[in-house]
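1. Here is the input, now give the coordinates:
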Amino acid sequence: MSHPHHGLRLRGNGGIRRIRRSFLVFTAAGVLSAGSALTFAPPAAAEPATSVAYAAGASATRYSGLAFDTCTAPPLSAIQAWGASPYRAVGVYIGGITRTCAQPQLTASWVSSVSALKWRLLPIYKGLQPPCGGRPTDAKISRAATTAKGQGTAAAGDAVAKGKALGMQPGSAFYNDIEAYSQTDATCRTGVLAFLSGWTKELHRLGYVSGVYMNLNLGAQQLSDVYTSTSYARPDALWIARFDSVDSLKGWTNIADSKWAVHQRAKQFKGDHDETYGGVTLNIDTDRLDAPVATVAYTYTATSATTLNARTGPSTSYPVAKTYAPNSAVKVACQAPGSAVGTTAIWDKLTDGTYVTDYYVSTPSNTTYSAPLPRCTYPYQTSATVAEHTGPGTSSSIGGTSPNGALAWVVCQKSGSAVGTTKIWDRLDNTRYVTDYYVATPSNTTYSKPAPRC
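-> Below is the predicted model:
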């Protein structure tokens, strides 16, 4: 059989810069005692938590639920028939030298049409494979770390180019498919880890989210072993293969639940099988996701009777950057809260980074958020375990924590009490705040674009 994942069927079984303060950072044993401080310096915006250079029009998109992947992207008619299925996301192979199947359906038009049906897309890039794994005929990752890192960098650039050609927007996540490989071959291990580090760092430099697909026992555990290593850039999301028919995103063998813990996990839990919905049968793998996926643009119409102002932020207090004539098409990437206009406080962020009030856009609702548009978010990794406060300051109560390496899904930024070199606090999509000092945003002294002010 020709499914690219058939190589994994057997797998299915198978110096000092910062101060950690008690009100923000937690030790493994718990919260530091009041007033205590440790001279400890997790590197900010460096390995393992490298920063992401999001473009002005970027936003991440997240999906939580069941998904399927199949060798060849199904026809649009099949996706329409599968509207009765429990799935609302589909994995698609966007490129890579070891991609097996032809993709006659996978076009920018297909991506737009499937997205309009409220499906999310999980982009998969199947390129070079481990020198001690995959198929014998696969093109291989180098055993030399420096060369392997360069190969990963090149793969990321190619994935972005392939994604752009399909209409996938900045802020999208791309998943590198690494097939099963020997766990006892030291130079192979080093090559794979260096390759994935290059992949992650380049995706971040280009303004995209890094994902990796691996077998749980024959790959992912080695990635987990270097989770806090300063030698490698850590991917933002981990998608494992483990064909045990258990769809849990926790309790993975030898991978602590605290790793890739905040909307950063996916599991392929059932291999090749047929399912039928709407009279259409597809041969699929089944996945459970709570992870970043592709961001796409949705085209709507300006409904204002006069010129519609596009502003530099989601409020009428921001300056006008450009205007749209009535009935103009606008390409929306995501939606954000802002100042009220008419019956709504929702603003639509366009793919050029400007904002228009949703009140004058033909989205389904003019009072609240509209599916399938995602909320505007900018995920960055945390460089330490940080407290989530109810407000932008250390005096506000603590409502939770983000583990080291978690994605801080930043919605906006606000000035608050000083921590380290910054007074900036990041508001998360759960409404809590974390100090920007321990988040791998581009700056640890001031605001970081493209997140708006809260």
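2. how about the nearest residue to Gln103, chain neighbours excluded?
-> Ala73 (5.6 Å; CB to CB, 6 or more residues apart in numbering). Every residue, glycine included, has its C-beta placed from N, CA and C.
3. and if you look at Thr421?
-> Per CB to CB, 6+ apart, closest to Thr421 is Thr445, 5.1 Å.
4. pLDDT at that neighbour, what is it?
-> Predicted confidence (pLDDT) at Thr445: the value is 97.
5. got it, and Ala45?
-> Value for Ala45, per-residue pLDDT: 62.
6. Let me see the domain layout of this protein.
-> 61-293, 298-360, 375-454 (automatic domain parsing).
7. Distance to Ala49 and mean neighbour count added to those domains, as JSON lines?
-> Formatted as JSON lines, the domains of the chain follow (distance: least, CB to CB, whole Å; neighbours: other CB atoms under 10 Å):
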{"stretch": "domain 61-293", "distance to Ala49": "6", "mean neighbour count": "20"}
{"stretch": "domain 298-360", "distance to Ala49": "24", "mean neighbour count": "19"}
{"stretch": "domain 375-454", "distance to Ala49": "4", "mean neighbour count": "21"}
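8. Those into TSV, with extra columns for distance to Asn366?
-> Shown next, in TSV, are the domains of the chain (distance: least, CB to CB, whole Å):
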stretch	distance to Asn366
domain 61-293	19
domain 298-360	5
domain 375-454	17
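9. which one of these lies closest to Thr368?
-> domain 298-360 (6.5 Å; CB to CB).
10. could you pull out the strands for the stretch 201-350 of the chain?
-> 209-215, 237-241, 265-277, 280-293, 298-301, 308-311, 320-324, 329-341, 344-350 (DSSP state E, counting those that start in this stretch).
11. so what strands line up beside the fifth one?
-> Read that as strand 298-301. Strand 298-301 pairs in its sheet with strand 329-341 (antiparallel), by DSSP bridges.
12. and Val439, what are its bridge partners?
-> Assigned bridge partners for Val439, using DSSP bridges, are Thr382.
13. Three-state assignment for Ala194, please.
-> helix (DSSP: H, G, I helix; E, B strand; the rest coil).
14. one step back: what about the residue nearest to Gln103, which helix or strand?
-> Here Ala73 is covered by no helix or strand, with elements defined by DSSP states H and E.
15. That one against Ala102, yeah?
-> No: in this structure, Ala73 is not within contact of Ala102 by CB atoms under 8 Å, at 9.9 Å.
16. would you list the strands of the stretch 201-350 of the chain in JSON lines and tack on mean pLDDT and distance to Thr363?
-> Shown next, in JSON lines, are the strands of the stretch 201-350 of the chain (pLDDT from 0 to 100; distance: least, CB to CB, whole Å):
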{"stretch": "strand 209-215", "mean pLDDT": "99", "distance to Thr363": "25"}
{"stretch": "strand 237-241", "mean pLDDT": "99", "distance to Thr363": "28"}
{"stretch": "strand 265-277", "mean pLDDT": "98", "distance to Thr363": "28"}
{"stretch": "strand 280-293", "mean pLDDT": "99", "distance to Thr363": "20"}
{"stretch": "strand 298-301", "mean pLDDT": "98", "distance to Thr363": "6"}
{"stretch": "strand 308-311", "mean pLDDT": "98", "distance to Thr363": "13"}
{"stretch": "strand 320-324", "mean pLDDT": "98", "distance to Thr363": "15"}
{"stretch": "strand 329-341", "mean pLDDT": "98", "distance to Thr363": "7"}
{"stretch": "strand 344-350", "mean pLDDT": "99", "distance to Thr363": "7"}
